[in-house]
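**Q** got a structure for you, letters missing:
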Ligand code: SF4
């Protein structure tokens, strides 16, 4: 049985200007220990998908519907208290901007210790020792000394490690990592990704890795889902997606980034921009930017078809 099973998830925001379908009927599953990459341009609904599963979408204006089964439990029917417990103990999330997620007036040791204390019944010296172990686990050097540092005294990479330590303090079965390395420079980015890989091996956590960066996805994920304008447009193993993309949007994403595994060609950014979710084009949402678009694409929305072997695509060409 999958650890996470999501069916027909819709997250719509009711605003003064109309209903924004940020996530519009997505289905997927995640197995224990697997890393699923969720990729797409900013605003396509990747983060909202994760926040919806974590129960962190403010309501109103947000409304989440569909079915989310986590380890056999129906997440959308849980009370706020049960949801908090689930979030604290079994699911966790790390965000892109480590500085804004940390409390500037508490030391990092206090913040990691507090996260551990919420999940484990330990205090005093034991708590301090456990905190130092966690700091060591995520590669914070000289943890006894760093324990008393404040967030502003740390580099961006170290702050991200602090957040990862806090997220892992409950040994989550599922970790959402939302652009975990985007705000960091390239070397530190590689270290954080290496750390996540190591943790996946060490504690068998399933990871949903959200990124606009195909390089990061290629490096980390087993399977990838491509999202566009609130919908899934393609799903495949990393290998299939990178070597044989079936959706024109995926093809466009791949042509717009440099590839180490292919001869150097001129990069071709996708023309146009992401559509306004309040005013989506009729038919396939991607049609104004798609060089393969034909009449039916402008009239009817394609459905996400299963092609077998874990591949799904929504395009009239397939
Ligand atoms: Fe392009 Fe049509 Fe496929 Fe949409 S359905 S991606 S417009 S070919």
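**A** Cool, got the structure. Because the structure is a prediction, the values reported are computed rather than measured.
**Q** ok, now which ones touch residue 57?
**A** Going by Cβ atoms under 8 Å, 6 or more residues apart in numbering, residue 57 touches 11, 48, 51, 64. Just so you know, the C-beta spots here come from the backbone N, C-alpha and C atoms, and that holds for glycine as well.
**Q** which of the three states applies to it?
**A** The three-state assignment at residue 57 reads coil, by DSSP: H, G, I helix; E, B strand; the rest coil.
**Q** the closest residue in space to it that isn't next to it in sequence: what's it in contact with?
**A** Closest residue to residue 57 apart from its sequence neighbours, by Cβ to Cβ, 6 or more residues apart in numbering: residue 51 at 5.2 Å. By Cβ under 8 Å, 6+ apart, residue 51 lies in contact with 11, 57, 93.
**Q** with residue 176 instead?
**A** 50, 53, 54, 91, 92, 93, 94, 207, 208, 210.
**Q** pick out whichever of those sits closest to the ligand.
**A** Nearest to the ligand among these: residue 210, at 22.2 Å, using Cβ to the nearest ligand atom.
**Q** check the offset of the helix or strand that contains that closest one from the chain's centre.
**A** Taking DSSP states H and E as the criterion, the element that holds residue 210 is strand 206-211. Per Cα atoms, centre = their mean, to the nearest Å, the displacement of strand 206-211 from the mean C-alpha position of its chain is 4 Å.
**Q** in that strand, which residues are buried?
**A** Applying a neighbour-count criterion of 16 or more other Cβ atoms under 10 Å, the buried positions in strand 206-211 are 206, 207, 208, 209, 210, 211.
**Q** does the fourth one really touch residue 177, like I thought?
**A** Yes - at 5.0 Å, residue 209 counts as touching residue 177 under the criterion of Cβ atoms under 8 Å.
**Q** what helix or strand does the residue nearest to residue 179 when sequence neighbours are not counted sit in?
**A** By the measure of Cβ to Cβ, 6+ apart, the closest residue to residue 179 outside its immediate chain neighbours is residue 96, 4.0 Å from it. Assessed by DSSP H and E, residue 96 sits outside every helix and strand.
**Q** just the contacts of residue 176 now: which is nearest residue 34?
**A** Nearest to residue 34 among those is residue 207, at 7.8 Å by Cβ to Cβ.
**Q** that closest one: what's it in contact with?
**A** 34, 35, 36, 174, 175, 176, 177, 196, 200, 220.
**Q** got the contact list for the first one?
**A** For residue 34, the contacting residues are 206, 207, 222, 223, by Cβ under 8 Å, 6+ apart.
**Q** residues from this protein in reach of the ligand?
**A** Residues of the chain lying near the ligand by Cβ under 6 Å from any ligand atom: 248, 284, 286, 287, 290, 292, 293, 297, 302, 315, 316, 317.
**Q** how much space between the fifth one and residue 10?
**A** In this view, residue 290 and residue 10 are 24 Å apart by Cβ to Cβ, to the nearest Å.
**Q** for the third one, same thing?
**A** Spatial separation of residue 286 from residue 10 under the definition Cβ to Cβ is 19 Å.
**Q** buried only: go through the residues of the chain next to the ligand for me.
**A** For the residues of the chain next to the ligand, a burial check counting by 16+ other Cβ under 10 Å picks out 248, 284, 286, 287, 290, 293, 297, 302, 315, 316.
**Q** would you reformat these as a markdown table and include pLDDT and secondary structure?
**A** Listed next are these as a markdown table, based on pLDDT from 0 to 100; DSSP: H, G, I helix; E, B strand; the rest coil:
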| residue | pLDDT | secondary structure |
| --- | --- | --- |
| 248 | 96 | helix |
| 284 | 97 | coil |
| 286 | 96 | coil |
| 287 | 96 | helix |
| 290 | 95 | coil |
| 293 | 94 | coil |
| 297 | 97 | helix |
| 302 | 97 | coil |
| 315 | 98 | coil |
| 316 | 97 | coil |
